[in-house]
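no sequence for this one, just the structure:
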């Protein structure tokens, strides 16, 4: 069909969709950067979705039971911003559209969660949105099971491009969604056959419909410029009990000289091309000008869900007060006051029992408390449940037959798990945690970065956190991972030393404004917090665990499984008359946030400082030579490179991470 | 079929395969850790492959034209070690089998490249082997196109498990291989229906054959315990012009009480279970004992390819001397001597022209020289060719119609690209480089880690290396990536300041013993190396770029796009009478390798030190407060957190990364 045909057959639809197209053209032209072609190509699909299917009320972007709309192809951000402006989201004014991609604007180059209400997730790194959406859909299923469909009953719609579908994480998402029969998840694939480098066929021959079908999805297709066909496809997808993918055959940069080309993917800024395109669209209006009657049509689409929302509010009001409070508490992520007392009791018992426990097991024990107090937790593991110790009694498996279950078998899909957890956290009502081996945080890292960038409360349970895992060898032994996660802004890394610190770390993680990584051991560790303190000492990031008996000549800093090594080194040195303080440092980030007076109390100038941590040194100089330290009085006992395959005890000896080595470093530096 | 039936129908085969099974049982029992079930389940497939199909000569593991065998399911390492011992690879003795997973043994928990000749790649992190294999197959096609099938004509066989196929990277590999019609790639899927957490069906319902077929593969299936069926399936797969996947239906831990269970996946160490299994196998021999006649059978399998190898050597000898030398040079990775002169000329011209150039463009210019001198380079990009500047004139596209092409359109598959490049480097004869945005190194990181662990010469061309990329915003702006790659052992990170340093970095990267990451700018940079030096200054990691004119009161350290900022700050300060040295530091790793005398010359004690780098501070304290520095005389100008979406110039101002800010830091510290 030609543009003229499209316009002639559905003139009202054409105008509505073209409002999106020209706003994209105008904003990209003004910014002199961005992506014009995708919003132009997908405007028809988005218009039909928003006009006929998406349950939303632009005046109430926080409405809990709204459908979620995820723009996985985040580079097409102007599609989203145009829709938000046109339908009347308060946060996206025409001024914001004009300031697309400028400093301080809500209309960032890619959609940024938190910049404007209505942006459900941050996208741009390809594949993330579609993988988030699986988490959104899981959260919806879980809440529906808990609160009933009168309160929770909505869809998750995703627009994904070829880039999203080529990224491996999409396969993890597709596989998980297919297995879980997430019937309320609908992916609209922008099937335009074009990527940045040219035709999709230069890099892929995949039959995407067959691929999705192979993983248990319903598949549909439509002409992505025919509003009736789009409507019908979405209608059918909503009927399916399986997740659905609709292949929307579209023309990127439709109606421009760059249509169906890689050039059309990028920023169309040529004046003549833009003028010609407007002419082809029969769009006589000035840049950024949307005729009042057309804007009114769009605003009424934005208002379409208001009645439904009010009905929902009325239904919600019929719940008991306590149910309402609990729903609201879970959606806002508040933690019940009783958690604090429960953690204190747990710590006291742990201190009294003083068992030697691997911190992954300590984590399971704490989770027994947390999962009891917080019914909104949904745990899971990337096929290492018994190793990551994420499954506590009575959680039950979350699956297609048991939506009240609270433990997800994510399969061997670390990346998909992390991205799904982002979706759950963003959806609200769910507090996700998930486990894998720390070394495989590398697989999950792109999604972990987005947890951090979005400030989402996701807890990464990363076990087997050093050479202490032993025989599996260097491929499985993280040496640089704690450092590389500490390098990530917004990620709080905890490496607790024993059961008590593990409990404290968990208490902080479930109340944090962002993601946490718990680095936990495979191997058993003695209790180092032998004196019960009600205060959460881990909250300070680092604290004096053992004070020097004699004159304080050295400070040992350690984390996790090396804290007891430091204590043993202290014993050796004290026996020689060398006064040694041991500082346990479970979290750099939290210590850095303390005021200088506290930091100075913990790390005063003067003594020799030696770090012991079974990882690389990178970053430790901040606390060794920095923070009142001195270069020629600083030592490090840890890893210089990759690990090896052998029993853990042999490895600690082999790599010289022993109390004796620490003691010797101190002696050498004194 | 029962065990008895299997044995009765193919008694000789049964014994050969069972030799693998019992060695796996015995070694895992001795180590008290490892994975018994996979070698037991896949022993029949592996036996048929080695006996009837794999072109190899155990006495010549470096034979260039051998078939490559990749154990993607690396946890089943005892399958590989048993095969290597039985067929007579010199590096894997019975003693090594007995020492499975012990310190210093070549038989690490997961196969480690370099531990023994015959281990083609390091596997264990799931999905990596199958993704490597695509690179092996590309390398083979490329070499065959260059040298003819008399010299190069071999298959790549992969054993992959459910874990490999669930990891997203496998989809990237499958998609790339399917598009490239890599007909000599054959994947044997261990279809046992079991993962660590239980049945595959708890996390996946994917029809794998349909999935592979959707991406352009031939698919076959067989009973993975029936040697005739296995043989026939492999035979058919070899006929296909497409890559082939054979679903081998197997029983994990076959013949044991743990058969077909998740328990069977792990270490079977129970004495009774092992005794019962040996009985079921009708295997009366002592642990680690292989009867001499059976061993002889296996050794003759190991020797089967000797004739073919000798024939190959005879054919190879018919090549001209120069062709032979060139083939050998490329396979061993030696770089022609003329490269050095070519780079020097390039540097001289760049110095004379003194153009303002983005280092991604500088990289393209250098590649013009390198690709000319080194016909073995194969470049590529994850769908950002024009942005990563990886395609130089005359390379041509490598694809199914042009195996002489030298640029791969990897698609939006950063992880698959990196893993494929590992495969190419491991295969030999190819020097791979590939590009994406630096921020998406996160996607590729698990494979980059394996480049580092294996010491493979892979060059990562990572452009758009800071907020300098501008409007795409925080999702696309690396701030922690340079730090996190510096944290990785064995990875050399270069962040060159201009065209000259870019040339020097490339010269080092193509001759390195391991992987390199080039962090390159999107934005134009002035030339800072305005005086031509034939010496490669980047080889020292850091060097004095500009000396203080007055008394040296401060040292500015900078990398990449901030070196010219440091030079400008120096100008401001020198005008105020403050003597300032500027140290350009393109590579921490190389500077750390210099002797102390050199490091001291570059970073003497005394002056104030300020770093300027548009990334996070992590690790910089090593050079600021460490290395003769002082905490209260150290400053940092860089990023404190994530970036923002705006034009680059606005961002550098907004985040205070300016000459004025650097100068002010120096004044404050003096």
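Received, thanks. Being a predicted model, the structure only gives us computed values, none of them experimental.

What residues of the one helix or strand residue A:301 maps to count as buried?
For residue A:301, the host element (DSSP states H and E) is helix A:292-303. By neighbour count on 16 or more other CB atoms under 10 Å in any protein chain shown, the buried set for helix A:292-303 is A:294, A:295, A:297, A:298, A:301, A:302. (Glycine included, C-beta is placed from N, CA and C.)

what helices or strands is it leaning on?
helix A:11-31, helix A:77-87 (3 or more CB pairs under 8 Å, 6 or more residues apart in numbering or on different chains; DSSP states H and E).

for the helix or strand following the first one, what is the average pLDDT?
Okay, so that is helix A:11-31. Following helix A:11-31 in sequence order, the next helix or strand is helix A:37-48 (DSSP H and E). Averaging pLDDT along helix A:37-48 gives 98.

Check whether helix A:37-48 comes into contact with chain B.
No. Contact of helix A:37-48 with chain B (CB under 8 Å from any CB of the partner chain) is absent, the minimum separation being 13.9 Å.

Next, the angle helix A:292-303 makes with that helix.
Using axes from the mean of the first three to the mean of the last three CA atoms, to 10 degrees, the inter-axis angle of helix A:37-48 relative to helix A:292-303 is 70 degrees.

what about whichever helix or strand comes after helix A:37-48, distance to the chain center?
Per DSSP H and E, helix A:37-48 leads on to strand A:68-71 as the next helix or strand towards the C-terminus. Mean-position distance between strand A:68-71 and its chain equals 15 Å (CA atoms, centre = their mean, to the nearest Å).

next one: stretch A:489-508
18 Å.

Kindly check the end-to-end length of that stretch for me.
17 Å (CA to CA, to the nearest Å).

swap in stretch A:112-130?
End residues of stretch A:112-130 are separated by 16 Å (CA to CA).

Report the buried residues of that stretch.
A:112-113, A:115-130.

show me which of those residues neighbour chain B.
Answer for the buried residues of stretch A:112-130 near chain B (CB under 8 Å from any CB): A:112, A:122, A:123, A:124, A:125, A:126, A:127.

could you dump these to CSV with distance to residue A:541?
Listed next are those as CSV, based on distance: CB to CB, whole Å:
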residue, distance to residue A:541
A:112, 28
A:122, 27
A:123, 32
A:124, 32
A:125, 29
A:126, 35
A:127, 34
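
Neighbours of the residue in the stretch 201-350 of chain A that chain B sits nearest to, how many?
With CB to the nearest CB as the measure, residue A:203 is the residue of the stretch 201-350 of chain A nearest to chain B, at 3.2 Å. Applying other CB atoms under 10 Å in any protein chain shown, we find 26 residues neighbouring residue A:203.

go on, the one 3 residues further on?
The number of residues packed near residue A:206 is 22, by other CB under 10 Å.

which outside residues touch the lowest-mean-pLDDT helix or strand in chain A?
Ranked by mean pLDDT, DSSP states H and E, the weakest helix or strand in chain A is helix A:3-9, scoring a mean of 94. Identification of contacts with helix A:3-9 by CB atoms under 8 Å, 6 or more residues apart in numbering or on different chains yields A:1, A:14, A:225, A:226, A:254, A:255, A:280, A:281, A:282.

gap between residue A:309 and residue B:631?
Using CB to CB, to the nearest Å, residue A:309 is found at 57 Å from residue B:631.

of all of the stretch 401-550 of chain A, which residue lies closest to chain B?
residue A:411 (3.2 Å).

Domain-wise, how is chain A divided?
What automatic domain parsing lists as the domains of chain A is A:3-309, A:338-525, A:540-669.

Compute the first-to-last residue distance for the second one.
Distance between the two ends of domain A:338-525: 28 Å, counting by CA to CA.

Please apply the same query to the last one.
Using CA to CA, the gap from the first to the last residue of domain A:540-669 comes to 28 Å.

Which stretches in the stretch 301-450 of chain A count as helices?
A:306-317, A:321-332, A:338-353, A:359-373, A:385-388, A:414-427, A:441-454 (DSSP state H, counting those that start in this stretch).

is the last one anywhere near chain B?
Yes. Judged by CB under 8 Å from any CB, helix A:441-454 comes into contact with chain B at A:442, A:443, A:445, A:446, A:449, A:450, A:452, A:453.

Could you check the angle that helix makes with helix B:414-427?
150 degrees.

can you pull the buried residues of helix A:441-454?
So, applying 16+ other CB under 10 Å, buried residues of helix A:441-454: A:441-454.

Return the residues of the stretch 501-650 of chain A in contact with chain B.
So far as CB under 8 Å from any CB goes, the stretch 501-650 of chain A lies against chain B at A:616-619, A:621-622, A:624-631, A:634, A:640-642, A:644-647, A:650.

per-residue pLDDT, residue A:475?
98.

Strands of the stretch 401-550 of chain A, start to end?
Counting by DSSP state E, counting those that start in this stretch, the stretch 401-550 of chain A has strands at residues A:407-409, A:431-437, A:459-463, A:492-494, A:516-519, A:524-525, A:543-546.

Quick one: closest of the ones you listed to residue A:599.
The minimum distance between residue A:599 and those falls on strand A:543-546, with 10.9 Å, by CB to CB.

could you say what helices and strands whatever helix or strand comes next after the closest one packs with?
Following strand A:543-546 in sequence order, the next helix or strand is strand A:552-558 (DSSP H and E). Packing contacts for strand A:552-558, counted by 3+ CB pairs under 8 Å, 6+ apart, involve helix A:563-575, strand A:579-584, strand A:608-612, helix A:659-669.

and the stretch 251-400 of chain A, which residues reach chain B?
A:381, A:383, A:384, A:385, A:386, A:387, A:397, A:399.

Report the two of the residues you listed separated the most.
A:387 and A:399 (20.6 Å).

Of the contacts of helix A:3-9, which is the most crowded?
Most surrounded of these: other CB under 10 Å gives residue A:254, at 27 neighbours.

Kindly provide the distance from that residue to residue A:1.
Counting by CB to CB - residue A:254 and residue A:1 are separated by 10 Å.

Overlap in contacts, those two.
residue A:225.

burial count for the closest residue to residue A:269 other than its chain neighbours?
Ranked by CB to CB, 6 or more residues apart in numbering or on different chains and with sequence neighbours excluded, the top spatial neighbour of residue A:269 is residue A:29, at 5.3 Å. Neighbours of residue A:29 under the rule other CB under 10 Å: 21.

I figured residue A:29 was touching residue A:278, is that so?
No. Counting by CB atoms under 8 Å, residue A:29 does not reach residue A:278; the two are 11.0 Å apart.

any chance of the helices of the stretch 301-450 of chain A in CSV, plus mean pLDDT?
Putting those into CSV (pLDDT from 0 to 100) gives the following:
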stretch, mean pLDDT
helix A:306-317, 98
helix A:321-332, 98
helix A:338-353, 98
helix A:359-373, 98
helix A:385-388, 98
helix A:414-427, 98
helix A:441-454, 98
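
Of the ones you listed, give the one that comes closest to residue A:210.
helix A:414-427 (20.3 Å).

okay, the helices and strands packed on strand A:552-558 in a markdown table with mean pLDDT and mean neighbour count next?
Converted to a markdown table, the helices and strands packed on strand A:552-558 look like this (pLDDT from 0 to 100; neighbours: other CB atoms under 10 Å in any protein chain shown):
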| stretch | mean pLDDT | mean neighbour count |
| --- | --- | --- |
| helix A:563-575 | 98 | 21 |
| strand A:579-584 | 98 | 24 |
| strand A:608-612 | 98 | 26 |
| helix A:659-669 | 98 | 20 |
